[in-house]
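>>> Pasted the sequence and its predicted model underneath.
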Amino acid sequence: MRIRRLKEKGVIKGFYVDISPEAIGLNVVAFIMIKADPKRYEQILKKIASFKSIFEVFDITGEYYSILKVRVKSREELAKILDEIGNMEGVTSTYTMFVLRTIKEAKTIDFD
């Protein structure tokens, strides 16, 4: 009953299997920041959000408009994604940060 109520209230959004990306070969992690033409920004985000290798898309404040979390199998695959994003009409620039190691990556919320 309690879980059903929490789902109805939108507190619980769903149930997921926690798969190790490294175990399935997604060893390359990067963050890509994007600058874009404001008139095309919404359609750019929609297209980017559909990319299988892009796991998170955030609309942010500051010098860049958006930050993306990417997981791929190789640097070559990352380069292809960067080329595809960079060639999108309306994308004016990108800045990429390659993750050397993950110190903390929380997947749950601690209520204590």
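On my side now, so go ahead. The structure presented is a predicted model; accordingly, all values stated were derived computationally and were not measured.

>>> Give the rounded mean pLDDT of stretch 28-45.
Averaging pLDDT along stretch 28-45 yields 96.

>>> ranges for the strands of the protein?
When assigned using DSSP state E, the strands of the chain occupy the ranges 28-36, 54-59, 66-72, 91-98.

>>> in the third one, what counts as buried?
Taking 16 or more other Cβ atoms under 10 Å as the neighbour-count basis, strand 66-72 is seen to contain the buried residues Ser66, Ile67, Leu68, Lys69, Val70, Arg71, Val72. Using the backbone N, CA and C atoms, a C-beta is placed for each residue, glycine as well.

>>> Name every strand pairing with it and say which way it goes.
Counting by DSSP bridges, the strands paired with strand 66-72 are strand 28-36 (antiparallel), strand 54-59 (antiparallel).

>>> who's in contact with that strand?
For strand 66-72, contacts defined as Cβ atoms under 8 Å, 6 or more residues apart in numbering pick out 21, 26, 28-34, 36, 41, 45, 48, 53-60, 78, 81.
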